[in-house]
Every structure is written in structure tokens, then in C-alpha cells.
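**Student:** Provided below for reference: sequence and predicted model.
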Amino acid sequence: MEPAPHVPGTTPSEGPVSFNRFGPHWLNQIRALFGLPSQRRLARAALQIGAIRHWETEFSRLSDAELRQRGLQLRGRARGGKSLDKLLPEVFGAVCVASQRTIQLRPFDVQLAAGVVIHQGGLGEVGTGEGKTLVAAMPACLNALQGKGVHVTTVNDYLARRDAEWIGPIYQALGISVGVLQMKMPDEERARAYRCDITYGVASEFGFDFLRDRLKVAGDKGQNAPFWSAWTSNGQYARPLDPKVQREHHYALVDEADNIFIDEARTPLIISGMTRQATPQEQVVYVWANQLAKDMARDKHYRLDEKKQKVELMEEGKALARWSKPPVGPHSHAMDKLHEHIERAIQAHHRFRLDQHYMIEKDKIVIIDEFTGRRMPDRHWREGLHQAVEAKEGVPVTVAADHAAQITFQSYFKLYKKLSGMTGTAWQNWWELRRVYKLWVVCVPTNRPVIRQQWPDRIFPTEQAKFEAVAEEIIRLHEKGRPVLVGTRSVEKSEALSRMLREAGIEHEILNAKQHEREAALVEHAGEPGRVMIATNMAGRGTDIRLLPGVAKSGGLHVLGTERHEARRIDRQLAGRAGRQGDPGTCQFFLSLEDELLEGLGPTKQARLQALGRSGKKLDWNAFQPRFLKAQRRVERRHRKERVDLMIYEKQRQETLKDIGADPYVD
């Protein structure tokens with residue numbers, strides 16, 4: 001949880017001041033019966049708070065040993081068939097007491113309501129800084145009582161380990177076991193983590209474990225052990241009777257659900273065979289296509305469809321390929337396949353940028369998640385695109401590995417009998433989340449009213465003019481003693497701004513995919529007086545920024561976005577870093593007519609706007625803001641279509657494999 005700010009003269013264990021953020025009791029009773037679906041869920045949750053506080057008072061009289069015993073009794077009643085909904089007030093009350101005794105935090109009323117919403121299978125929109133980690137503990141405890149396993153997913157290994165270690169004492173106080181999944185963990189430890197009542201881990205690790213289990217089962221077919229193998233310890237057939245590490249898919253609680261359900265939904269989880277460095281003969285096609293792509297011109301040799309993100313060779317481009325001595329030999333292809341290699345090489349040059357979409361680390365291409373700014377070292381682009389980028393950058397080219405198994409996040413999370421989640425931003429995509437995952441988005445009010453000020457966007461003709469204005473604004477705020485968090489879209493731009501600040505003599509920290517190991521430690525200090533931090537847009541997500549004493553009087557944290565993102569949700573997430581728990585704060589975006597977002601308007605309009613910005617005319621550039629909002633809507637629509645297309649393709653693929661009697665997840 002991101003705990004409440006300390007009130008002078010009190011101790012944290014005294015708990016927060018209670019604010020009625022749900023309206024009168026009678027109004028919630030009416031909304032619970034006649035409101036819209038999301039209103040009904042929030043009203044029903046608000047009506048549970050009184051009963052939870054009653055049980056909290058009752059359990060506060062118990063000793064630690066008696067509280068643990070009561071937790072075990074609740075487990076027995078749940079496994080005996082008692083409805084979890086009826087046990088909810090008692091369990092949530094017990095969690096409140098355990099939380100106060102172990103981590104010295106008492107949940108707010110809004111956190112209790114969020115926990116109820118999540119338990120009932122909703123997706124709770126819980127504001128940044130409102131304590132989602134502690135919120136998750138309540139429905140996780142309740143659903144763990146049945147002993148069928150609860151999976152709590154996060155966005156990276158660090159957060160999974162941190163949350164489990166921090167909230168773990170609450171679970172232990174109630175007799176509930178907790179395990180943590182980490183990357184590259186041995187199977188024995190994974191199986192042990194899954195056998196715990198609650199398992200924390202990265203969403204992709206749960207998906208990959210599912211695929212690895214399917215591969216193990218598929219590999220064992222036709223090799224059934226004879227009946228006497230159970231009595232042999234070192235014989236020929238001695239192997240685990242069940243090779244799978246994962247248990248059944250009972251209940252999943254997804255943290256930062258918008259990132260998993262929406263942003264990551266365009267990329268399937270794929271397990272491939274082992275990769276190796278390609279021989280010179282195996283590299284020849286990629287090297288040839290890369291050289292040819294450098295000589296090709298847009299709209300002369302190829303077309304680039306911005307909407308479909310597709311490259312297509314024109315007749316002149318095909319003719320150039322024919323007369324450029326195409327490679328021959330066992331590792332070459334027919335001309336139509338060579339055309340595809342050229343198209344991928346063009347895409348590598350014109351659509352994928354170093355230090356924005358990928359970085360080079362130890363002579364390897366490491367993909368950067370465009371939405372979070374985080375490294376994804378275990379991911380590779382498909383169908384030869386990764387090799388095209390390797391050839392472009394001159395690093396050792398690897399052999400494209402065959403796919404062994406795959407699944408999308410959309411398909412994986414539908415396997416759970418019960419699914420819920422929480423995030424700071426989901427409302428804009430409520431219909432897609434309802435349609436795909438059958439989840440209602442419920443906006444839970446903040447504990448204190450948000451007083452963050454959203455300053456109007458400032459628009460500049462060129463990127464150079466924009467970054468000069470950004471540097472001036474940072475210097476102005478720094479002189480006032482205000483902390484500033486600057487959000488950039490790529491590693492390259494974060495480092496360019498860093499150079500400008502160094503020249504101006506402004507001390508600052510830079511946080512991007514190259515400093516991933518220091519991410520949480522750096523973000524924790526972003527609220528100190530005069531601190532300046534430059535970060536890729538979502539770096540530090542999941543780590544709280546607390547204001548130090550005196551910072552609130554100067555205006556609080558200022559968030560400065562150097563570009564609008566492709567999704568409004570990401571802009572909201574960035575802005576939400578300021579003004580947590582009723583703190584003061586401000587946010588503003590600086591834009592330019594050279595911003596990448598304007599690609600959403602199409603190449604012709606984008607080129608026209610860029611030419612206008614470079615013309616040197618004196619215009620009211622702020623009047624161009626509607627163009628950015630229009631481009632953002634178009635890009636969001638395009639991404640939504642890609643997710644729907646992938647969902648339909650995956651469904652058809654699974655149905656085809658089932659029809660022929662094959663495993664729908666194993667290729």
C-alpha cells in the first residue's frame with residue numbers, strides 16, 4: 001500500500017481520519033437496487049463498511065494467537081461450504097486488525113469498499129497513491145480460505161517480491177501462506193510457490209508457467225509409466241506423477257490491470273526453442289535485405305500504411321530487389337519470401353527506433369515496453385523482425401527459433417473461474433474490458449478529494465523549441481524549491497533533455513530502461529524539495545512518491561509531460577503521480593508539431609504540420625491542441641482494432657487445433 005501521510009501528533013497505528021466519501025446510507029441503498037451496474041457494485045460495497053468495522057472492533061480484543069486461531073476457523077468454515085460473501089465482513093475485519101498490528105496501517109473506508117468491489121469480480125479504479133497493495137490483501141485473504149490458490153499478478157519481479165514481503169505478515173497473522181514467483185526460478189521452488197494459499201508474480205510468468213506445463217504434458221504423451229512405477233525410486237520410470245507446477249486456475253487478482261488487459265493484450269505470450277547465433281551463411285538474407293532497405297525510398301520503392309503498420313513493396317522496389325544480386329544457396333528463399341525480408345528490414349529502419357523501441361545491451365537487442373519504459377529481456381519480435389533489427393544495428397544475428405507454444409493474455413485470464421483487478425486508470429476502456437473479460441469497471445472515490453491542478457497544454461512549432469521551453473520551466477520550478485518529475489516517451493529523449501539540464505547546471509536524476517535496477521529507489525525520492533527527475537513515461541509505476549515536509553507549501557510535486565502518449569490512460573497515469581492522498585500538485589504537458597503522436601493523422605497531414613512548424617511563422621500554436629486529441633483517439637482506435645483482431649485470430653486458431661484433436665496452446 002501507499003500509506004496515508006503521517007499526521008503530526010498521532011501514531012500510524014491510530015489509523016486514518018474517517019471521511020464519508022460514499023454519500024448517505026439511504027442513497028446507497030437506493031443505488032444498490034436501481035443504479036447502473038458500476039453504481040450498484042460501489043453502493044453494495046459501501047453498505048458493507050459498517051459490518052466490517054464492527055468485526056474489526058470485535059477482533060481487536062483478541063490476542064495475536066487468538067486472532068490466528070480465528071483465521072483458521074474462518075478457513076474451516078469456507079472449506080465447509082460457507083459462502084465467501086457471508087464471511088466477507090469477518091475476514092475483512094480480521095485483515096484490518098492484522099494490518100494494524102503487523103505493518104501499522106489501518107485501511108481507509110474507501111480501501112474496504114475497493115476490496116469488496118474486487119472480491120465481487122469487478123475491476124476497481126483506485127487512484128494513484130490510494131494503497132492498492134493493501135486493498136489487494138483483503139480479497140486475496142478471503143478467496144484464499146477455500147485452499148484452491150489465489151494468483152496476484154504485478155508488472156515486474158521487484159513489485160511482486162516487495163508486495164509479498166510487505167503484506168506477508170498480515171497473511172501469516174491469519175494463518176495464510178504466501179509464495180512469490182521470480183524469473184528463472186527452478187521448478188521445485190515454483191511448485192512450492194504455487195502450493196501456497198496466495199502466490200504473487202509477474203502476469204507473464206503465470207502465463208509462461210501454464211505453457212511450460214502444457215509442453216511437459218504434451219511431451220509425456222505416449223510415455224505413460226506402468227502401474228509399478230509408483231513403487232520404484234530410481235528406476236527407468238521414476239519421474240513426478242504430475243510434472244505440472246501450476247495448480248488449477250481458481251482466482252486471479254490483476255494489479256495494474258490496464259497494462260495487462262489492454263497494453264500487453266496486443267502481444268501474445270510465446271515459448272520458442274533455444275536461440276543461437278546464426279552462421280555467416282544463415283545471416284546472408286538478413287544482411288542483404290538490410291543493405292537494400294537503406295537504398296529504398298518511401299512512395300517510390302515501398303508504401304508504408306500508418307494505420308495498419310504495414311510495409312508493402314511497390315513494383316519499382318521489386319525491380320530493384322531483382323537486380324541487386326539476391327542471395328542464393330540453401331539458406332536463401334524464393335523471390336516472394338525475399339520480398340517479405342525486405343519489407344521487415346524497411347520496418348526495422350523506419351518504424352523501430354533505438355532507445356525508444358529497443359536498446360543494445362551486451363551486443364544483444366533488448367525490447368523496451370513502449371507503455372512502461374521497462375526492459376523486456378526475454379521477449380523477441382516474431383517472423384524475422386528481430387533478426388532484421390539485429391542486422392540494422394550490426395549486432396550478432398540470431399537464428400529465428402520455432403514456436404513451441406503460445407497464448408494471449410486475453411485467453412489466459414479467461415481460464416480463471418473468477419477474475420478481478422485494480423488500476424488507477426481504466427474507465428476510458430470500460431466497454432472493451434466488459435466485452436473481452438466480462439468485468440465491470442467501478443470508480444472508487446479517493447480518501448481525500450483530489451486537489452491536483454491540471455494546467456493547460458503548451459504547444460510549440462518544433463521539438464527543439466519545446467525542449468528549450470521544458471528546460472526553462474524546470475529551472476523556474478527548481479528555483480522555487482518544487483520537485484519536478486519529467487515524463488519522456490523514449491530513452492533517447494530523456495538523455496537529450498538530461499544533457500540540456502547539465503549544461504544549465506541543474507542537478508537531476510535520470511530514470512529509464514538503462515537504470516531499471518534503481519527504479520524504485522529513485523522514484524521514492526522524487527518528492528524531495530528541488531528534486532528533478534527525468535523518467536520515461538511510466539517508469540516507477542507501483543512505487544509511491546511521498547512529499548517531504550515543506551514541499552506541500554511550495555505547491556507540491558509538478559509533473560511535466562514532454563509528449564502526449566498514444567493512450568489517454570497513460571497521460572492520466574503520469575499526471576496521477578502528483579496530488580496523491582489530497583496532497584497539492586500540478587501537471588502540464590508540452591507538445592510540438594513534430595511529436596510522434598501526430599502520425600495518427602496520416603503522413604500527409606503530419607508532414608504539412610511539420611512544415612508549418614518549421615516555416616518560422618508566428619502563429620497561436622496552442623490552437624492546434626484539437627489535432628493532438630484527434631490523433632490520440634485515432635491511434636487508440638487502431639490499437640483497439642489490433643487487440644480485437646488478435647483475439648479473433650487466437651480463437652480461430654484454438655478452434656482449428658481442437659478440431660484436429662491437437663492441444664490448442666501447443667504448436
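**Tutor:** Cool, got the structure.

**Student:** Next, name the residue at the spatial heart of the chain.
**Tutor:** The chain has Asn259 as the residue nearest its centroid, 3.2 Å off, counting by Cα atoms, centre = their mean.

**Student:** List the residues that contact Ala51.
**Tutor:** Residues near Ala51 by Cβ atoms under 8 Å, 6 or more residues apart in numbering: Pro89. Where you see a C-beta, it was placed from the backbone N, CA and C, and this is true even at glycine.

**Student:** Ramachandran angles for it?
**Tutor:** phi -70, psi -40 (degrees, to the nearest 10).

**Student:** any idea how far Glu58 is from it?
**Tutor:** Ala51 sits 11 Å away from Glu58 when distances are taken as Cβ to Cβ, to the nearest Å.

**Student:** cool, and Ser411?
**Tutor:** Between Ser411 and Glu58 the computed distance is 44 Å (Cβ to Cβ).

**Student:** between the two, which one's more packed in?
**Tutor:** Ser411 (21 against 14; other Cβ atoms under 10 Å).

**Student:** pretty sure that one is in a helix, no?
**Tutor:** Yes - counting by DSSP: H, G, I helix; E, B strand; the rest coil, Ser411 is part of a helix.

**Student:** Excluding chain neighbours, give the residue nearest to it in space.
**Tutor:** Spatially, and ignoring its direct neighbours in sequence, Ser411 is nearest to Glu650 (5.6 Å; Cβ to Cβ, 6 or more residues apart in numbering).

**Student:** Also Ala552?
**Tutor:** Closest to Ala552 by Cβ to Cβ, 6+ apart is Pro584, at 5.5 Å.

**Student:** Next up, the contacts around the one you found.
**Tutor:** 451-452, 552, 555-556.

**Student:** Met422: what's it in contact with?
**Tutor:** 114, 118, 123-126, 132, 135-136, 253-255, 257 are the contacts of Met422 under Cβ under 8 Å, 6+ apart.

**Student:** whoops, I mixed them up, Leu72
**Tutor:** When contacts are taken as Cβ under 8 Å, 6+ apart, Leu72 is in contact with Gly175.

**Student:** Three-state assignment for it, please.
**Tutor:** Leu72 - assigned by three-state DSSP - is helix.

**Student:** Could you report the separation of it from Glu66?
**Tutor:** Relative to Glu66, and taking Cβ to Cβ, Leu72 is found at 11 Å.

**Student:** about what we covered before: doesn't Val155 make contact with the residue nearest to the centre of the chain?
**Tutor:** Yes - contact criterion Cβ atoms under 8 Å: Asn259 and Val155 qualify, at 5.7 Å.

**Student:** which sections of this protein are below the confidence cut-off?
**Tutor:** Residue ranges of the chain with pLDDT under 70: 1-19, 219-241, 273-274, 306-308, 370-374, 378, 401-403, 512-521, 537-543, 667.

**Student:** Select the longest helix from it.
**Tutor:** Counting residues, the longest helix found in the chain (DSSP state H) is helix 625-659.

**Student:** Mind listing what's buried along stretch 329-348?
**Tutor:** Residues 332, 338-339, 341-348 are the ones in stretch 329-348 that count as buried (16 or more other Cβ atoms under 10 Å).

**Student:** Pick out the most distant pair among those residues.
**Tutor:** Ser332 and Gln347 (20.4 Å; Cβ to Cβ).

**Student:** Any of the contacts of Met422 buried? List them.
**Tutor:** Buried residues within the contacts of Met422, counting neighbours by 16+ other Cβ under 10 Å: 114, 118, 123-126, 132, 135-136, 253-255, 257.

**Student:** what about the host helix or strand of His478, distance to the chain center?
**Tutor:** Assigned by DSSP states H and E, His478 belongs to helix 463-479. Averaging C-alpha positions (Cα atoms, centre = their mean, to the nearest Å) puts helix 463-479 30 Å from its chain's average.

**Student:** Which other helices and strands does the very next helix or strand once past that helix contact?
**Tutor:** With elements assigned by DSSP H and E, the helix or strand that comes after helix 463-479 is strand 484-488. Other elements packing on strand 484-488 under the criterion 3 or more Cβ pairs under 8 Å, 6 or more residues apart in numbering; DSSP states H and E are helix 463-479, helix 491-503, strand 532-536, strand 557-561.

**Student:** rerun at 10 Å
**Tutor:** helix 463-479, helix 491-503, strand 509-511, strand 532-536, strand 557-561, helix 568-575, strand 585-592 (3 or more Cβ pairs under 10 Å, 6 or more residues apart in numbering; DSSP states H and E).

**Student:** Asn20 is nearest to which of the ones you listed?
**Tutor:** Closest among the helices and strands packed on strand 484-488, using Cβ to Cβ: strand 585-592, at 24.0 Å.

**Student:** Check which element follows the closest one along the chain.
**Tutor:** Counting by DSSP H and E, the element after strand 585-592 in chain order, helix or strand, is helix 603-614.

**Student:** just the strands in the stretch 151-300 of the chain please.
**Tutor:** 178-180, 198-202, 251-255, 269-272 (DSSP state E, counting those that start in this stretch).

**Student:** Could you dump those into CSV and include distance to Asp355?
**Tutor:** Listed next are the strands of the stretch 151-300 of the chain as CSV, based on distance: least, Cβ to Cβ, whole Å:
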stretch, distance to Asp355
strand 178-180, 32
strand 198-202, 24
strand 251-255, 28
strand 269-272, 25
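
**Student:** Any idea which of those strands gets closest to Ala567?
**Tutor:** That would be, of these and by Cβ to Cβ, strand 251-255, which comes in at 17.6 Å.

**Student:** Which neighbours in the sheet does the closest one have, and how are they oriented?
**Tutor:** strand 150-154 (parallel), strand 418-423 (parallel) (DSSP bridges).

**Student:** re earlier: which one of the buried residues of stretch 329-348 sits closest to Leu36?
**Tutor:** Of all these, Gln347 has the smallest distance to Leu36: 44.0 Å, by Cβ to Cβ.

**Student:** hey, what's the nearest residue to that closest one once chain neighbours are set aside bridged with?
**Tutor:** Nearest non-adjacent residue to Gln347, counting by Cβ to Cβ, 6+ apart: Val311, 5.1 Å away. When assigned by DSSP bridges, Val311 has beta-bridge partners Leu304.

**Student:** How much space separates Val311 from His349?
**Tutor:** Taken as Cβ to Cβ, the span from Val311 to His349 is 10 Å.

**Student:** What number of residues are in the vicinity of Gln172?
**Tutor:** Counted with other Cβ under 10 Å, Gln172 comes out at 15.

**Student:** Go ahead and confirm it touches Leu67.
**Tutor:** No - Gln172 lies out of contact with Leu67 (Cβ atoms under 10 Å); the separation is 11.1 Å.

**Student:** what sits in contact with each of the two?
**Tutor:** Ala98 (Cβ atoms under 10 Å, 6 or more residues apart in numbering).

**Student:** Extract the C-alpha set from stretch 115-133 and format it as PDB.
**Tutor:** C-alpha atoms of stretch 115-133 as PDB (Å, rounded to 0.1, in the frame of the first residue of the first chain):
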ATOM      1  CA  GLY A 115     -11.700  -4.600  -1.600                       C
ATOM      2  CA  VAL A 116     -15.400  -5.600  -1.700                       C
ATOM      3  CA  VAL A 117     -15.700  -4.500  -5.300                       C
ATOM      4  CA  ILE A 118     -12.700  -6.600  -6.300                       C
ATOM      5  CA  HIS A 119     -13.900  -9.600  -4.400                       C
ATOM      6  CA  GLN A 120     -17.200  -9.500  -6.200                       C
ATOM      7  CA  GLY A 121     -15.400  -9.800  -9.600                       C
ATOM      8  CA  GLY A 122     -15.100  -6.100 -10.500                       C
ATOM      9  CA  LEU A 123     -12.200  -4.000 -11.800                       C
ATOM     10  CA  GLY A 124     -11.700  -1.300  -9.300                       C
ATOM     11  CA  GLU A 125     -10.300   2.000 -10.500                       C
ATOM     12  CA  VAL A 126      -8.300   3.000  -7.400                       C
ATOM     13  CA  GLY A 127      -6.400   6.300  -7.700                       C
ATOM     14  CA  THR A 128      -2.700   6.600  -7.600                       C
ATOM     15  CA  GLY A 129      -1.400   6.700  -4.000                       C
ATOM     16  CA  GLU A 130      -4.600   5.200  -2.600                       C
ATOM     17  CA  GLY A 131      -3.000   2.000  -1.300                       C
ATOM     18  CA  LYS A 132      -3.800  -0.700  -3.900                       C
ATOM     19  CA  THR A 133      -1.300  -3.100  -2.300                       C
END
